[in-house]
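Novice: based on what follows, work out the 3D shape:
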Amino acid sequence: MDTCIKQLTHQLQHHQLQAVVDDFAKLSSQQQSMQLIHLYQSAQRMDVKYSYLQNVATRILTEHPFPQDLISEFKHTELLSFFTPGLKFNNGFALQNDLKDNVMHTLFSHCDANTLPFNYVRSLMLFESNESLLQALTQVNSKGLTPVASYITCNKVQTSLPKHEFSALLALMEAQFKQNENINTAAFLNALINLKNTLLSHTLNEYTILLASAYLRCKTEKIETYLQQH
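Specialist: Numbers count the residues shown, from 1 in each chain. As a prediction, this is how the structure comes out:
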């Protein structure tokens, strides 16, 4: 067990919450990530302590920026749910790592049938006042893609979304456009071609083409023609 985890465990056992918060700033970004992940994993194992451990993580993040090293770990909604209260502080949702990914980029790029995040994220937008979440939806990463664009072009498993998740995705897409109508079309099409080339069939299904046409606000025939030519 890393010394930073031992320290955290000792401080929590002795109810030294302020010491946890104060000492967090002395840690490296990697150690900060380790402590926060430890809080999350402990909360997953012990339901009775979930709220308490979530409050500890939130207290930390109210006073200290979210560590960039942790952004790449946001591959399922349970992690996002645990850290949502803390991400509301210090512009956490819009924080980007070295690849210019924010937590939404990571989450939307690693979707499968059991980890669909769109309805949850839309509920955050509807019932919470969070400007950094809206900002995160419009941010582009080093590939020139927004989180929604990342979902369409980065998921090799092309399966249709349940109706409520599909509706939520379209709502998030619309929210992105309201914040910023400009789209990096070249980057999106390049990512779409890369996705096609990584598939064994070298063919995108109708569902992906439909989402691509909705994102670029063009007819599906234009997308199909482009894919045939490249």
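Novice: quick one: the helices in this structure?
Specialist: With helices called from DSSP state H, the chain shows them at 3-13, 17-24, 29-45, 50-63, 77-87, 103-109, 118-127, 131-138, 147-154, 163-179, 185-198, 206-216, 220-229.
Novice: kindly reformat those helices as CSV containing mean pLDDT and mean neighbour count.
Specialist: C-beta coordinates here come from the backbone N, C-alpha and C atoms, glycine included. Output for the helices of the chain, formatted as CSV (pLDDT from 0 to 100; neighbours: other Cβ atoms under 10 Å):
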stretch, mean pLDDT, mean neighbour count
helix 3-13, 94, 15
helix 17-24, 96, 16
helix 29-45, 96, 18
helix 50-63, 96, 18
helix 77-87, 94, 20
helix 103-109, 96, 26
helix 118-127, 90, 16
helix 131-138, 92, 19
helix 147-154, 96, 25
helix 163-179, 95, 17
helix 185-198, 95, 16
helix 206-216, 94, 19
helix 220-229, 92, 13
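Novice: looking at the ones you listed, spot the one closest to Leu70.
Specialist: Proximity to Leu70 (Cβ to Cβ) singles out helix 29-45 among the helices of the chain, at 4.3 Å.
Novice: what residues does Val140 make contact with?
Specialist: Lys100, Thr146, Asn184, Ala187 (Cβ atoms under 8 Å, 6 or more residues apart in numbering).
Novice: okay, the residues you listed in TSV with distance to Leu134 next?
Specialist: Output for those, formatted as TSV (distance: Cβ to Cβ, whole Å):
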residue	distance to Leu134
Lys100	17
Thr146	12
Asn184	18
Ala187	21
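Novice: list only buried entries from those.
Specialist: Thr146, Ala187 (16 or more other Cβ atoms under 10 Å).
Novice: from the contacts of Val140, pick the one nearest Lys49.
Specialist: Proximity of the contacts of Val140 to Lys49 (Cβ to Cβ) peaks at Lys100, which lies at 35.2 Å.
Novice: what sits against the residue nearest to that closest one when sequence neighbours are not counted?
Specialist: Excluding its sequence neighbours, the residue lying closest to Lys100 (Cβ to Cβ, 6 or more residues apart in numbering) is Asn141, at 4.1 Å. Taking Cβ under 8 Å, 6+ apart, we find Asn141 in contact with Gln96, Leu99, Lys100, Asp101, Asn102, His105, Ser150.
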